[in-house]
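Engineer: Predicted model and sequence below, questions to follow.
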Amino acid sequence: MAEKRPLVFNVQKFSVHDGPGIRTTIFFKGCPLACPWCHNPESQRFEVERMERSDGGQDEVGTYYSVAELVRQAVQDQIFYERSGGGVTLSGGEVLAQPMGYIAELVRALAEKGISVGIDTSGAVPV
């Protein structure tokens with residue numbers, strides 16, 4: 001894959017609020033909006049950043065994953081998707097503001113494994 005990898009800030013397993021059934025939600029980092037009510041403010045910037053923890057420490061937010069790495073994580077919970085009608089949700093940040101070659105490759109790879117994919121989008125994406 002020649003296209004740049006986007007940053008991911010969380011891969012949340014056993015998610016039940018991001019689509020039907022039991023899901024794995026992959027949260028991408030970067031959004032063209034800066035909504036003050038954003039539920040994921042750590043997702044707004046398109047770069048790795050350090051964020052303060054409540055205990056005073058800091059965490060680095062943002063990791064690059066290959067498509068194969070994300071598929072490998074999703075397949076681990078495939079039995080839950082099949083039994084509950086779930087799958088994988090791509091969220092963010094803004095999924096559709098990420099490198100689309102990467103997103104398309106990820107969706108194809110998940111579909112080849114029989115995993116349904118939902119995309120959570122604001123609709124505010126570059127054209």
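Structural biologist: Noted; the coordinates are in hand.
Engineer: If you count contacts, what does the longest helix along the chain end up packed against?
Structural biologist: Looking across the chain with DSSP state H, the single longest helix is helix 100-112. Packing contacts for helix 100-112, counted by 3 or more CB pairs under 8 Å, 6 or more residues apart in numbering; DSSP states H and E, involve helix 67-75, strand 87-91, strand 117-119. To be clear about C-beta, it is placed using only N, CA and C from the backbone, and glycine gets the same treatment.
Engineer: what comes up buried for the longest one?
Structural biologist: To tie it back to what came earlier, the one meant is helix 67-75. 67, 70-71, 74-75 (16 or more other CB atoms under 10 Å).
Engineer: And I79, how close does it get to V117?
Structural biologist: 17 Å (CB to CB, to the nearest Å).
Engineer: ok, these two, which is more surrounded?
Structural biologist: V117 (19 against 10; other CB atoms under 10 Å).
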